[in-house]
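In: Give me a model of this one.
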Amino acid sequence: MQSTLTHIECPECGKRYDANRIQTICPDCKSPLLARYDLDQARRSLDPQAASARPRGLWRWAEILPVRDEKNRITLGEGDTPLIPSLRLGESIGLKNLYIKDESGNPTASFKARGLVMAVAKAMEFKVKGLVIPTAGNAGGALAAYAARAGIEAHVFMPKDAPLANQLEVKAFGADLILADGLISDAGKLAAEEAAKHKWFDVSTFKEPYRVEGKKTMGLELAEQFNWNLPDVIIYPTGGGTGLVGMWKAFDEMEKLGWINSKRPRMVSVQAEGCAPIVRAFEQGKDRAEFWQNASTQAAGLRVPGPFADRLILRGIRESHGAAIAVSDEDILAAQKEIASREGIFASPEGAATWAACKKLARNHWIKSDEHVILFNTGSGLKYL
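Out: Below is the predicted model:
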């Protein structure tokens, strides 16, 4: 189970960077960087049967993950979340094959665990002493937990109105919590300033190449759960978009490994009407998303007015012949109640937004009744009480 990581690459200009040194973003393109692997070498020890036979957890995909030394592969039990068939929601709108990928069982009760375990594990490998992150809430809790596990100093910057549960868990894990006026973008500016002063490593969304590698395991698991076929539609709540980009990357790598064919799901990016920069850019046919002024939504994880990976998110949606859709906070709240009362899953507001979007798409016949459709519930509603 040796990582086959070869280099880090800019997806815009193709420039390669040394994987044995800390990397951030492409200085020329101001683009996120992506990890690349020797997939021919990976194929020698990793195949679907081998992965399925290994102990459960994210690290069973080690050959196509970036952490080289096994001693740095920390874990709190993240990954391998259930794919739950809908018993009633799908039937209510005429969908025969609706599923919920429920990420709420991850450590700190959200999918952020997948990305942050990878970032912290690489920080251990690089012998980083201090980490910093701006967050809408859940990513801060996840960083604090894994930093505690790794024995690394963590500094978390979040808006003052972030959910109280997120603030309390950051403190409980022993991390340094700094509350900022404004939005996650304001917290990000403050975090960057302090990181430069103290030489902390910044693990902001897409400002380093490794969180997306943790998130791509959602795509690996989906393929496995569908017996190495992919669903027709994936509906995903999009703030920073790490999971959407990560899954799209995973599908490409799996095809090159010979595990799946060229069929791809249509990727649907869901945002809140009060903060929908990706939806607006998609509808206007643009490759970049303009900063969303006066962002406002009850779904804290969707209140990201300027996603740094806008080009990659929009590219994945368009290459998949997907869609971007905005839903109201009222529809999100109603969807949260419906998922809970009909399926027994207390979804986060971000996860509930996918059901609100699914209903719209089904009404417009964009989704066909016999298609296999995945809703991503990215965390537990308990974090928002």
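
In: among the helices and strands of the protein, which has the poorest mean pLDDT?
Out: helix 184-198 (a mean of 91; mean pLDDT, DSSP states H and E).

In: which other helices and strands contact it?
Out: strand 130-134, strand 153-159, strand 176-180, strand 201-202 (3 or more Cβ pairs under 8 Å, 6 or more residues apart in numbering; DSSP states H and E). Heads up, the C-betas are built off the backbone N, CA and C, glycines and all.

In: Please tabulate these in CSV and include mean pLDDT and distance to Phe251 as additional columns.
Out: Shown next, in CSV, are those (pLDDT from 0 to 100; distance: least, Cβ to Cβ, whole Å):
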stretch, mean pLDDT, distance to Phe251
strand 130-134, 96, 27
strand 153-159, 96, 32
strand 176-180, 96, 36
strand 201-202, 94, 28
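
In: who wins for proximity to Gln2 among these?
Out: strand 201-202 (24.5 Å; Cβ to Cβ).

In: now could you export just the CA positions of the following helix or strand past that closest one as PDB?
Out: For strand 201-202, the succeeding helix or strand toward the C-terminus, using DSSP states H and E, is helix 211-215. C-alpha atoms of helix 211-215 as PDB (Å, rounded to 0.1, in the frame of the first residue of the first chain):
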ATOM      1  CA  ARG A 211      -7.900  18.200   0.900                       C
ATOM      2  CA  VAL A 212      -9.400  17.400  -2.500                       C
ATOM      3  CA  GLU A 213      -7.600  14.000  -2.500                       C
ATOM      4  CA  GLY A 214      -9.500  13.100   0.700                       C
ATOM      5  CA  LYS A 215     -12.800  14.200  -0.800                       C
END
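
In: Now do helix 211-215, average pLDDT.
Out: On average, the pLDDT along helix 211-215 is 98.

In: Now the element after that helix, going C-ward?
Out: Following helix 211-215 in sequence, per DSSP H and E, is helix 217-225.

In: Residues contacting the very next helix or strand once past that following helix, please?
Out: Remark: after helix 217-225, the chain's next helix or strand is strand 233-237, criterion DSSP H and E. By Cβ atoms under 8 Å, 6 or more residues apart in numbering, the residues outside strand 233-237 that reach it are 222, 243-244, 247, 265-271, 299, 301-302, 350-351, 353-354, 357-358, 361, 367, 371-376, 378.

In: Give me the subset of these that lies in strands.
Out: Arg266, Met267, Val268, Ser269, Val270, Gln271, His372, Val373, Ile374, Leu375, Phe376 (DSSP state E).

In: Make CSV out of those residues and add distance to His321 and neighbour count.
Out: Output for these, formatted as CSV (distance: Cβ to Cβ, whole Å; neighbours: other Cβ atoms under 10 Å):
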residue, distance to His321, neighbour count
Arg266, 5, 19
Met267, 9, 25
Val268, 11, 28
Ser269, 13, 26
Val270, 17, 33
Gln271, 19, 30
His372, 16, 17
Val373, 15, 26
Ile374, 16, 26
Leu375, 19, 32
Phe376, 19, 29
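
In: Enumerate the positions of stretch 319-328 that are buried.
Out: Within stretch 319-328, the residues that count as buried by 16 or more other Cβ atoms under 10 Å are Ser320, Gly322, Ala323, Ala324, Ile325, Ala326, Val327.

In: I should have written stretch 291-307 there, sorry.
Out: Going by 16+ other Cβ under 10 Å, stretch 291-307 has these buried residues: Trp292, Ala295, Thr297, Ala299, Ala300, Gly301, Leu302, Arg303, Val304, Pro305, Gly306, Pro307.

In: now swap in stretch 331-347 and tell me
Out: Neighbour counts using 16+ other Cβ under 10 Å place Asp331, Ile332, Ala334, Ala335, Gln336, Glu338, Ile339, Arg342, Glu343, Ile345, Phe346, Ala347 of stretch 331-347 among the buried residues.

In: Tell me the one among those residues nearest to Asp186.
Out: The closest of the buried residues of stretch 331-347, once distances to Asp186 are taken by Cβ to Cβ, is Ile332, at 23.4 Å.
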